[in-house]
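[1] Build me a structure from this.
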Amino acid sequence: MPCADANRTQDLDSNPPDAQASASPEVQPASDGVASAGARPTMWRNLVLFLCSDSCAALGAATASSQTVIAVMLKEAGFAKVVLGLPMALGILGFAMAQVPAAFLASRATRKTRWLCFIRLAAALPVLVAVTGVMLATPHRPWTAASLLFVPLLLGSLISGSARPVRAQLDAHLIPQTARGRYYGATMIGQGAFGMLGAGLARFLLRNLRSRAGFGACVTVAGVVGATAAIPLRYLTEPEAPNHEVPVRLSAYVAALRTAVARDRNFRNFLWGRFLIGLAYMSAAFYAVFALDRFRLPAATAPLFMLPSILGQGMGSALWGFVGDRKGHHLLQVAICVQAALAGLVALLAPNAWVFAGAFWLMGMSDAADWISTNNFMIESAPPGDKMGYVSFANTLIAPIFALATVLGGAIAGATSYYVLFAFSILVYFSALWLMATRVHDPRHTPGATP
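    Next up is the predicted model:
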């Protein structure tokens, strides 16, 4: 959705056409480009391997989802509502905290594909440690819960987040701008199919094993499958990239990134919009728990709510990937706010569990738009010389609010009710919608924007 001409003029005055190219002269960790026609077989080979790895990772993640399985396990163990959002908060926060240091280190690596293989394997190890925490954690043993459950979940997300800047750089190098939306959509459809298998497997384990044993089995499967997701990455072909220079110190690297972002007014407005979306995300960790409480459903029902969510992700991936390629990714940011707000309304007004499932479907649609558009918006906004750094720095800035919002949501629900929590979340989504629609424009429409 285009913004007013006056706002666009101000944005261009604060970020002239050559600003992006010269914003960060000392940060040159990567180059950007796309595969040539002669390299097309190699490109497709890499993309298939990425898809296999991501699908396996999705299977493991759905089997022990923080939003459903882990949250319900904590509820069954007697933890307070504020704690139920903690695993999701730790996952979001950890995923972003390591990204800038990882981008700095990866910029010096000649084989970035090896980074991805090692990171995905290492990320599975803390998950296996968390199995013990699932079996032993209770509110009466807080140190046990912290050391064997929450700390391993944080470490796993920290390690996983280290892969994000490298993937952003490889995606920008391998895939043309006009095809990235559909590529991300196809990736999410594949992940969704395997996610449905993971949700079904989690339900089977929870129905056929005693409570703690069932939850422990879910986390064990997640760790093992997560480790196998590293195997396809071992066979990736490294795309060619020219030599580059990087700062000697991490502090100089971060300072240059900060300067580049400060010069880009449109990108700053985008980050403020993402801040509001992150705050509204406070209700995301409580959909399953709210449904179980409201309709008095057994814990084994929780994984079933993953099915409409994954269905929404698949449908949204097909739709929003096409729209993003044709109309740009700014429109998808607006769609995120609309769909998430509608999901909250459905959760508040649903007369039964079947209608409540529509809230999960809408959240899945919103998640698909988020997955496809946010990273691509950052890639298209980034200077040509530093896709990894720009994306990682932006994720680090906005991740804390996404993480803290789920804890805040638990506190609000505990002090008032889930109804108040969801109502407040809806209001914040509408605020984000206004900002995204009126103060942010698509980076493709900015002179000098890079593909």
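[2] Spit out the contact partners of Val221.
    Val221 makes contact with Gly60, Thr63, Ala64, Leu201, Leu205 under the criterion C-beta atoms under 8 Å, 6 or more residues apart in numbering. Every residue, glycine included, has its C-beta placed from N, CA and C.
[3] run the last query once more with 6 Å
    Thr63 (C-beta atoms under 6 Å, 6 or more residues apart in numbering).
[4] From Ala61, how far out is it?
    Computed with C-beta to C-beta, to the nearest Å, the distance linking Val221 and Ala61 is 11 Å.
[5] how near is the residue nearest the centre of the chain to Ala291?
    In the chain, the centroid-proximal residue (C-alpha atoms, centre = their mean) is Trp371; its distance is 6.4 Å. Going from Trp371 to Ala291 by C-beta to C-beta gives 23 Å.
[6] again with Gly389
    To Ala291, Gly389 is 41 Å away according to C-beta to C-beta.
[7] ok, those two, which is more surrounded?
    Gly389 (32 against 24; other C-beta atoms under 10 Å).
[8] so where does the more buried one fall, helix or strand?
    Taking DSSP states H and E as the definition, Gly389 sits inside helix 387-415.
[9] Give me the buried positions along that helix.
    387-413 (16 or more other C-beta atoms under 10 Å).
[10] can you check stretch 270-284 too?
    270-284.
[11] Sort out which one of these lies nearest Ala255 for me.
    Leu271 (17.8 Å; C-beta to C-beta).
[12] In the stretch 251-400 of the chain, mark out all the helices, start to finish.
    265-280, 287-295, 306-327, 330-349, 353-381, 387-415 (DSSP state H, counting those that start in this stretch).
[13] and the top helix by length along the chain, what other elements does it pack with?
    The single longest helix within the chain, with elements called by DSSP state H, is helix 177-208. Here helix 177-208 touches helix 40-63, helix 211-228, helix 306-327, helix 353-381, going by 3 or more C-beta pairs under 6 Å, 6 or more residues apart in numbering; DSSP states H and E.
[14] and Arg141, which of those is closest to it?
    Closest to Arg141 of the helices and strands packed on helix 177-208 is helix 211-228 (C-beta to C-beta; 13.4 Å).
[15] Report the angle between the closest one and helix 40-63.
    Here helix 211-228 runs at an angle of 170 degrees relative to helix 40-63 (axes from the mean of the first three to the mean of the last three C-alpha atoms, to 10 degrees).
[16] Name the residues of helix 211-228 that come out as buried.
    214-223, 225-228.
[17] and what of stretch 427-444?
    Buried positions in stretch 427-444, judged by neighbour count with 16+ other C-beta under 10 Å: 428-429, 432-433, 435-437, 439-444.
[18] Per-residue pLDDT of the closest residue to Leu197 other than its chain neighbours, please?
    Excluding the flanking residues, the one nearest Leu197 by C-beta to C-beta, 6 or more residues apart in numbering is Leu59, at 5.7 Å. With respect to pLDDT, Leu59 has a value of 92.
[19] isn't Phe290 right next to Tyr418, touching?
    Yes - in terms of C-beta atoms under 6 Å, Phe290 counts as a neighbour of Tyr418; the distance is 4.6 Å.
[20] Excluding chain neighbours, what is closest to Leu408?
    Met282 (5.3 Å).
[21] residues touching that neighbour, list them.
    Applying C-beta under 6 Å, 6+ apart to Met282 gives the contacts Ala405, Leu408, Gly409, Ser425.
[22] For Ala102, see how far away the third one is.
    When C-beta to C-beta is the yardstick, Gly409 and Ala102 sit 28 Å from each other.
[23] Same check on the last one?
    Separation of Ser425 from Ala102 (C-beta to C-beta) stands at 31 Å.
[24] cool, the first one as well?
    Here Ala405 is placed at a distance of 24 Å from Ala102 (C-beta to C-beta).
[25] and if you look at Leu121?
    15 Å.
[26] which of the two has more neighbours?
    Ala102 (22 against 18).
[27] Could you pull up the mean pLDDT of stretch 211-228?
    The model assigns stretch 211-228 a mean pLDDT of 93.
[28] Lys81 and Gly414 touch, don't they?
    Yes - shown here, Lys81 and Gly414 form a contact pair, counting by C-beta under 6 Å, at 4.1 Å.
[29] In contact with Lys75: list those residues for me.
    Contacts of Lys75 by C-beta under 6 Å, 6+ apart are Leu84, Val289.
[30] Revised request: answer the last question for Tyr183.
    Ile175.
[31] mind checking the end-to-end distance for stretch 159-168?
    One end of stretch 159-168 to the other measures 16 Å (C-alpha to C-alpha, to the nearest Å).
[32] quick one: low-confidence parts of the chain?
    The model of the chain has pLDDT under 70 over residues 1-41, 109, 239-248, 385-386, 446-451.
[33] next one: the helix or strand encompassing Phe104 to chain centre, how far?
    Assigned by DSSP H and E, Phe104 falls within helix 99-106. Relative to its parent chain, helix 99-106 has a centroid offset of 18 Å by C-alpha atoms, centre = their mean, to the nearest Å.
[34] what helices or strands is the helix or strand just after that helix leaning on?
    Using DSSP H and E, the helix or strand that directly follows helix 99-106 along the chain is helix 112-136. Here helix 112-136 touches helix 151-161, helix 164-174, helix 211-228, going by 3+ C-beta pairs under 6 Å, 6+ apart.
[35] which stretch among those helices comes nearest Ala350?
    Between the helices and strands packed on helix 112-136, helix 211-228 lies closest to Ala350; by C-beta to C-beta that is 26.3 Å.
[36] Quick one: work out the angle between that closest one and helix 151-161.
    20 degrees.
[37] For helix 211-228, output the C-alpha coordinates as CSV.
    Only the C-alpha atoms of helix 211-228 are listed here, as CSV (Å, rounded to 0.1, in the frame of the first residue of the first chain):
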residue,chain,number,x,y,z
SER,A,211,1.6,-37.7,30.7
ARG,A,212,5.3,-37.0,31.5
ALA,A,213,6.5,-39.9,29.3
GLY,A,214,4.5,-38.7,26.4
PHE,A,215,5.8,-35.1,26.6
GLY,A,216,9.4,-36.5,27.1
ALA,A,217,9.0,-38.7,24.0
CYS,A,218,7.8,-35.7,21.9
VAL,A,219,10.9,-33.7,22.9
THR,A,220,13.2,-36.7,22.2
VAL,A,221,11.8,-37.1,18.7
ALA,A,222,12.3,-33.4,18.1
GLY,A,223,15.9,-33.6,19.1
VAL,A,224,16.7,-36.6,17.0
VAL,A,225,14.9,-35.4,13.9
GLY,A,226,16.5,-32.0,14.3
ALA,A,227,19.9,-33.6,14.2
THR,A,228,19.1,-35.5,11.0
